[in-house]
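[1] Give the three-dimensional model of this entry:
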Amino acid sequence: MNIKNNTIISMALVISAISFNVQAKGDMGLSLGVKLLGTNWQGNNQQSDTTFDTTEGGQFGFNIGFQKAKFYTGLSFQGGEYTFKDEAPDQVTPIGSFPSSNVIISRGEFDLLAGYFFWEHISLFVDLKSISNTWSDTGYQQRFTGFGLGASGFWPLSKKWSLYGSVGFVPIGQVETSGSNIGDGTSGALEFGGAFHFNQRNRLTFGLKAQSQTYNYDSGDKTESRLNGVFVGYNHIFPF
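    So this is what the prediction gives:
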C-alpha cells in the first residue's frame with residue numbers, strides 16, 4: 001500500500017489510551033472521531049494493604065488528527081466515572097495517605113502526540129500524556145503528567161477491513177495535587193483492534209485495550225492500577 005496515496009493511521013496512546021485514525025487520498029488529511037470504552041479498573045494500595053476493583057465504569061472520548069505525507073499529529077480527550085462499592089484507590093496527599101471506599105472517581109485522560117511513518121506500515125510517535133482523577137466524597141484531585149514514546153502499525157486485509165495495534169510507555173511522570181508534587185510514576189498502554197471501512201471517508205473501529213499506571217509517592221506509599229476493556233469508535237476523514 002502506498003502511504004502517500006492511501007494512508008491509515010490507527011493507534012492507542014501511551015498511558016493512556018487514544019484511538020486516532022487518518023486516511024488521506026492525497027498528501028494531507030484531517031480526521032474527527034468519537035470513542036466509547038467499557039473498562040474495568042483494578043489494582044492495589046501499598047500503604048493500606050488493600051486491593052480495589054470497580055463495579056461499573058467506562059469512558060467516552062473524542063479525537064482530532066492531522067496528517068501530511070508520512071507525518072501526523074493529533075490530540076484526544078476521554079473521560080468517565082468509575083464506581084467502587086468496596087475499596088478504592090487511596091487518597092494520597094502531602095500530609096498523608098487516606099483509605100477510600102464506596103466512592104465514585106471521575107477520570108479524564110488527555111493526549112497530544114506527533115509521529116512519523118518510518119516504514120510503510122509502522123510508525124513511531126512521541127506523546128504528552130495527562131491523567132486526572134477526582135474522588136466524589138471529598139473532591140480530592142490528583143493528576144499524572146509525563147512524556148512517552150510508542151510505536152503503532154496497521155495491516156490491510158482487504159478494501160474494507162484492516163488490523164492495527166499500538167504500544168506506548170511513559171517512563172517517568174509527575175504526580176501532583178493542588179499544585180504540589182507528591183511523587184512520580186510510570187504508565188503503559190497496549191491496544192489491538194480492527195477497522196471496517198464503509199468508504200474512503202468513514203470507518204468503524206473496535207478492539208481491546210489494556211493500560212497500567214504505577215504511582216510512587218514521596219511518602220513511601222505506592223498505588224498500582226490496571227484498566228482493561230473493549231472499545232468501539234467512529235471516524236470521519238476529510239482528505240485534502
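[2] I'd like the next helix or strand past the lengthiest strand in the chain.
    In the chain, assigned by DSSP state E, the strand with the most residues is strand 71-93. Where DSSP states H and E defines the elements, the next helix or strand beyond strand 71-93 is strand 96-116.
[3] what angle sits between that following strand and strand 71-93?
    In terms of direction (axes from the mean of the first three to the mean of the last three C-alpha atoms, to 10 degrees), strand 96-116 departs from strand 71-93 by 180 degrees.
[4] Parallel or antiparallel, which strands does the next helix or strand along the chain from strand 96-116 pair with?
    Proceeding N to C from strand 96-116, the next assigned helix or strand is strand 122-135, under DSSP H and E. Partners of strand 122-135 in the sheet, by DSSP bridges, are strand 96-116 (antiparallel), strand 141-156 (antiparallel).
[5] Okay, now the sheet partners of the longest strand of the chain, with direction.
    Applying DSSP bridges, strand 71-93 is found paired with strand 56-68 (antiparallel), strand 96-116 (antiparallel).
[6] and residue 33, which of these is closest to it?
    Shortest separation from residue 33 across the strands paired with strand 71-93 is recorded for strand 56-68, at 4.9 Å, computed as C-beta to C-beta. (Each C-beta comes from the backbone N, C-alpha and C, glycine too.)
[7] pLDDT (mean, whole number) over that closest one?
    Mean pLDDT, strand 56-68: 93.
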